[in-house]
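J.: prediction below, plus the sequence it came from.
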Amino acid sequence: MKLLRFRRTETSRPEWGIVDDGAVRPIVARHTVAEIFTAVKSGKIPTARPLRLDAVIMLPPTDENVHLYCAGLNYRDHAKELRMPVPKSPVFFTKSVGALCGARDDIVYPSGTRLLDYEVELALIVGRRIGLSDVLRPDTLKDFVLGLAVMNDVSARDVQLSATQWFLGKSFRSFAPLGPWVQTLDEDVMQRLRDLRLELRVTAPDGTTYPNKCQSGSAADMIFPPHELLNCLREKFDLLPGDVIATGTPRGVAMSRPGRFKTRIAEILGIAPGKRVATYIAGEIKNNRNYLERGDVVSARIATDNGFVDLGEQRTRVV
């Protein structure tokens, strides 16, 4: 089941609906993720007259005030491309809820930023409170998670690196396109989690596809699978309905990694880390053409090769 959060063009009130063959059937009297999760589990979902899918405005498919937790360096091929060791335990960072936007909204290029990057990610939408005593297993993930969605972890790399922390560079408005919808978890979807392919392509304003701005990877390459990520978090604090857990990105991001030789020479010469970061950023601005530019269109999708599970496609323009 594909669940869409949307609003009609003539109203400002968010609604939920079931996507079905180019239409959306509005769900009656269910407004929060917790209420939707309960309805899905009960099998009793009251719906109204269908609307055309192209006649509604897509919203990020979760509640207004939630937390965004992101797993860093959780794909083996991504760790390899950045020449980083595979982590022995999950690495997390957060993004502001103010970064959330819909799957057709624009990505706003912040003034002063020069290195705007992309990261397609599989996101989990928490369906019910997950506390200390709730131990998750692969076969019980569906008892706690509403479903899966596409997310793009947009990042201002120059801000991220200069600040020596990740939050600010990843939390600008529009830096977390989510959706278009949530694919609910059932037995068939659960059995195909490792078969999901993550794809991202960037096209220029004239429609030309950049050969160097793309990602392609498999969920089977995750270092820590979804249930392990959730267990790591719920051991420290409760996860709440609507919270978004982004599970990492495969290889192909724009950011390059300094060569081992250059890094070692900088260490021998005693160049301060701040100076090294400034030099690296300057080099990226001058030499790396993989970053996003104004006018680019980012297409991100996650699905199985046979289309049995399809989380839909994001199409966001950089403005």
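T.: Nice, I can see it.

J.: and the nearest residue to residue 169 once chain neighbours are set aside, which helix or strand is it part of?
T.: Closest residue to residue 169 apart from its sequence neighbours, by Cβ to Cβ, 6 or more residues apart in numbering: residue 160 at 2.9 Å. From N, CA and C alone the C-beta is placed, and that goes for glycine too. Assigning secondary structure by DSSP states H and E places residue 160 in helix 157-162.

J.: helix or strand next in line after that helix, which one?
T.: Going down the chain from helix 157-162, the next helix or strand is strand 176-177, by DSSP H and E.

J.: now do that next one: which elements does it pack against?
T.: Judged by 3 or more Cβ pairs under 8 Å, 6 or more residues apart in numbering; DSSP states H and E, strand 176-177 is in contact with strand 100-101, strand 145-152.

J.: CSV for these, including mean neighbour count and distance to residue 229?
T.: Converted to CSV, those look like this (neighbours: other Cβ atoms under 10 Å; distance: least, Cβ to Cβ, whole Å):
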stretch, mean neighbour count, distance to residue 229
strand 100-101, 24, 19
strand 145-152, 27, 11
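
J.: before we move on, the earlier item: roughly how far out does the helix holding residue 160 sit from the chain middle?
T.: In terms of Cα atoms, centre = their mean, to the nearest Å, the centre of helix 157-162 is set 19 Å apart from its chain centre.

J.: tell me, how many residues neighbour the nearest residue to residue 153 once chain neighbours are set aside?
T.: Spatial nearest neighbour of residue 153, chain neighbours left out: residue 119 (4.0 Å); criterion: Cβ to Cβ, 6+ apart. Around residue 119 there are 25 other residues, counting by other Cβ atoms under 10 Å.

J.: how close does residue 119 sit to residue 225?
T.: To residue 225, residue 119 is 18 Å away according to Cβ to Cβ, to the nearest Å.

J.: over to residue 155?
T.: From residue 155 over to residue 225 the distance is 24 Å, taken as Cβ to Cβ.

J.: who has more neighbours, these two?
T.: Neighbours were counted for residue 155 and for residue 225 using other Cβ under 10 Å; residue 155 has more, 27 against 16.

J.: show me what that one is bridged to.
T.: Listed by DSSP bridges, the beta-bridge partners for residue 155 are residue 117.

J.: go ahead and confirm it touches residue 119.
T.: Yes: counting by Cβ atoms under 8 Å, residue 155 does reach residue 119; the two are 6.7 Å apart.

J.: before we move on, back to that, need phi/psi at the residue nearest to residue 153.
T.: Backbone torsions for residue 119, taken as degrees, to the nearest 10, come to phi -150, psi 100.

J.: what sits against it?
T.: 152, 153, 154, 155, 215, 249, 253 (Cβ atoms under 8 Å, 6 or more residues apart in numbering).
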